[in-house]
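J.: Structural data only, the sequence is not supplied:
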RNA sequence: GGCGCCAUCGUCUAGUCUGGUCCAGGACGCAGGGUUUUCAUCCCUGUAACACGGGUUCGAAUCCCGUUGGCGCUACCA
């Protein structure tokens, strides 16, 4: 049988990192087994579902390179099917109408809480076939629900504890747990791979499946992605959507690689993986059971790795959006990109790191002093360097020439003593590419002007 | 409250099924050192963990039981 998996996000918010990771694992499992990976948008919640969120999910998946097979399925389009099965269950009296009001249900739950028994609704209306309004519930058949999870092993639930589950608000408004069962069955999903937070939905879905006579898919519940405080990663933790990470300047291959390592580990110590390699190596048996904390430091280190591997033109493309206001030409962009390639965690940092190339640097004069140098020494060292530089012809003001002329002086006076004040004079920063590199990019006129300005700053 | 899941360095994890090769390995982080032109990159070194208590066994991170802790779910949301 052909393996089929799916990702079934609901378009009620930006594409969440946890969803993306679930999508990745479902995709990897399907592709590893030469199967299909499908995308189904769960938009049955009309109030909260939005087109912009659907677009965000689709774009996020595409950006990451997790490409689904076939057409996108929208759950709302499947309403007639859902109704058909609802009518079937009703006709077979496996489901019934429940007329209890929310207030009554709330009171019931309150009483159950007092009695310290599980909250559930064991509805008396199931014995009254005359009722034909209210929500549609599944008659609880009782007994044990036993299923095997590919990651957790055998799980046993007592179906009594679930009560009579609500299937739909009415014939045209199916609820999540019901729609999922219908759609998974009709799409012939063989493996339901989803987050751990759905573990307790599984027995509910199995009950519905059995009432309908559907085959049971295999289940694999993935450990959750946790925030630093070990709670489920959610909006309140900030930075939880794929789009946000994209905007922060992460590369899709880095985010993908990082997500794969959250809850999964290969048999070797390899940590850097392309999507292709992940497909080769992926194995559900090597998925972790415990939740995994999302560690931004680790993500940064992986992103750094991928940034270093970018060819200059690609890197330039990524930093370009941050310099729109400067109207840089392609050559300037590539030079800038090259200068900072080893210094970037994220593309969004480029503006802070490289802004001085295009704007006059701002800094406190004290920063010019190297270690124990006095202001006087700094001033004289800068003047010495300036003299050397001013003698250089404008058309050969490049790294080689500057180095050849300046290094002997720096070696004589002290490298730090000469080069540190130059770095600060040119960049205004304590961390930057070398003064030589900066000067080549800045050109003679600007370099000289900045050094003069620095000298003037010293009292 | 109920039900369920989980438990190795600060974090991601290897090792657990098939007990000894593990006084627990890798990576991120952190600390120190080296290269370099300061910082960073790069290289090297170091740091730090089997939640606790019982059992089984010649031997347990690995098997069993219990405790504790964490998390998830508990909607006429998905």
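T.: Yep, that arrived. All figures in this text were calculated on a predicted structure; none of them were measured in a lab. Numbering: from 1, shown residues only, chains lettered A, B, ... in the order given.

J.: Residue A:85 contacts residue A:213, doesn't it?
T.: No - using C-beta atoms under 8 Å, residue A:85 is not in contact with residue A:213; the gap is 10.5 Å. Quick note: C-beta positions are derived from backbone N, CA and C, even for glycine.

J.: More neighbours: the two, which one.
T.: More crowded of residue A:85 and residue A:213, by other C-beta atoms under 10 Å: residue A:85, with 23 against 9.

J.: which helices and strands does the helix or strand where the more buried one lies pack with?
T.: According to DSSP states H and E, residue A:85 maps onto helix A:79-91. The criterion is 3 or more C-beta pairs under 8 Å, 6 or more residues apart in numbering; DSSP states H and E, and the helices and strands that helix A:79-91 contacts are strand A:95-98, strand A:135-138, strand A:166-170, strand A:173-174, helix A:176-186, helix A:202-212.

J.: can I get the ones you listed in TSV with distance to RNA strand B and mean neighbour count?
T.: Shown next, in TSV, are the helices and strands packed on helix A:79-91 (distance: least, C-beta to the nearest atom of the strand, whole Å; neighbours: other C-beta atoms under 10 Å):
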stretch	distance to RNA strand B	mean neighbour count
strand A:95-98	7	22
strand A:135-138	5	23
strand A:166-170	4	19
strand A:173-174	7	22
helix A:176-186	3	21
helix A:202-212	8	21
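
J.: any idea where the helices of the stretch 201-350 of chain A begin and end?
T.: A:202-212, A:242-248, A:252-260, A:275-281, A:296-309, A:312-319, A:330-340, A:350-354 (DSSP state H, counting those that start in this stretch).

J.: Please tabulate those in TSV and include mean pLDDT as additional columns.
T.: Shown next, in TSV, are these (pLDDT from 0 to 100):
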stretch	mean pLDDT
helix A:202-212	96
helix A:242-248	95
helix A:252-260	97
helix A:275-281	96
helix A:296-309	96
helix A:312-319	92
helix A:330-340	90
helix A:350-354	91
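
J.: deepest of those helices, which one?
T.: For the helices of the stretch 201-350 of chain A, the stretch with the most neighbours on average is helix A:252-260, a mean of 22; neighbours defined as mean count of other C-beta atoms under 10 Å.

J.: Who are the packing partners of it?
T.: In terms of contacts (3+ C-beta pairs under 8 Å, 6+ apart), helix A:252-260 is packed against helix A:17-32, helix A:51-64, helix A:242-248, helix A:275-281, helix A:296-309.

J.: ok and that helix relative to helix A:51-64, angle-wise?
T.: Following axes from the mean of the first three to the mean of the last three C-alpha atoms, to 10 degrees, one obtains 100 degrees for the angle between helix A:252-260 and helix A:51-64.

J.: do helix A:252-260 and RNA strand B meet at all?
T.: No - using C-beta under 7 Å from any atom of the strand, we find that helix A:252-260 stays clear of RNA strand B, coming within 8.3 Å at best.

J.: do stretch A:396-407 as well
T.: Yes - for stretch A:396-407, a contact with RNA strand B is found by C-beta under 7 Å from any atom of the strand, at A:403, A:407.

J.: Show me which positions of that stretch end up buried.
T.: In terms of neighbour count (16 or more other C-beta atoms under 10 Å), stretch A:396-407 has its buried residues at A:397, A:401-403, A:406.

J.: quick one: average pLDDT of it?
T.: Averaging pLDDT along stretch A:396-407 gives 89.

J.: which residues touch it?
T.: With contacts defined as C-beta atoms under 8 Å, 6 or more residues apart in numbering, stretch A:396-407 is touched by A:385, A:388-389, A:391-392, A:418, A:436-437, A:439-440, A:443-444, A:447.

J.: Get me the contact residues on the stretch 101-250 of chain A for RNA strand B.
T.: Contacts of the stretch 101-250 of chain A with RNA strand B, taken as C-beta under 7 Å from any atom of the strand, map to A:101-102, A:105, A:109, A:113, A:116-119, A:121, A:134-135, A:152-153, A:155-158, A:161, A:166, A:169, A:175-177, A:196-201, A:223-224, A:226, A:229-232.

J.: ok, now with 6 Å
T.: Proximity of the stretch 101-250 of chain A to RNA strand B (C-beta under 6 Å from any atom of the strand) is limited to residues A:101-102, A:105, A:109, A:113, A:116, A:118-119, A:135, A:152, A:155, A:157, A:161, A:166, A:169, A:175-176, A:196-197, A:199-201, A:224, A:230-232.

J.: buried subset of those residues?
T.: For those, burial is judged from neighbour counts taken by 16+ other C-beta under 10 Å, and it is met by A:105, A:135, A:155, A:157, A:166, A:175-176, A:196, A:199, A:224.

J.: Which two of those have the greatest separation?
T.: Farthest-apart pair in these is A:135 and A:224; separation 30.0 Å (C-beta to C-beta).

J.: got the contact list for residue A:158?
T.: Contacts of residue A:158 (C-beta under 8 Å, 6+ apart): A:144-145.

J.: give me the beta-bridge partners of it?
T.: Beta bridges link residue A:158 to residue A:144, judged by DSSP bridges.

J.: tell me the domain ranges of chain A?
T.: Using automatic domain parsing, the domain ranges for chain A come out as A:1-71+A:223-309, A:312-350, A:365-457.

J.: neighbours around the residue nearest to residue A:307 when sequence neighbours are not counted, how many?
T.: In this structure, residue A:307 finds its nearest non-sequential neighbour in residue A:344, 5.3 Å apart by C-beta to C-beta, 6 or more residues apart in numbering. Per other C-beta under 10 Å, the neighbour tally for residue A:344 reads 23.

J.: Touching, residue A:344 and residue A:306? I think so.
T.: No - Residue A:344 is beyond contact range of residue A:306, at 10.5 Å (criterion: C-beta under 8 Å).

J.: Quick check on the contacts of stretch A:396-407: which are buried?
T.: Buried among the contacts of stretch A:396-407 by 16+ other C-beta under 10 Å: A:385, A:389, A:392, A:418, A:436-437, A:439-440, A:444, A:447.

J.: Let me have the residues you listed in JSON lines, extended by distance to RNA strand B, secondary structure and pLDDT.
T.: Output for these, formatted as JSON lines (distance: C-beta to the nearest atom of the strand, whole Å; DSSP: H, G, I helix; E, B strand; the rest coil; pLDDT from 0 to 100):
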{"residue": "A:385", "distance to RNA strand B": "12", "secondary structure": "helix", "pLDDT": "93"}
{"residue": "A:389", "distance to RNA strand B": "14", "secondary structure": "helix", "pLDDT": "93"}
{"residue": "A:392", "distance to RNA strand B": "16", "secondary structure": "coil", "pLDDT": "91"}
{"residue": "A:418", "distance to RNA strand B": "9", "secondary structure": "helix", "pLDDT": "91"}
{"residue": "A:436", "distance to RNA strand B": "4", "secondary structure": "helix", "pLDDT": "92"}
{"residue": "A:437", "distance to RNA strand B": "6", "secondary structure": "helix", "pLDDT": "91"}
{"residue": "A:439", "distance to RNA strand B": "10", "secondary structure": "helix", "pLDDT": "93"}
{"residue": "A:440", "distance to RNA strand B": "10", "secondary structure": "helix", "pLDDT": "90"}
{"residue": "A:444", "distance to RNA strand B": "17", "secondary structure": "helix", "pLDDT": "93"}
{"residue": "A:447", "distance to RNA strand B": "14", "secondary structure": "helix", "pLDDT": "94"}
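
J.: All set, thanks.
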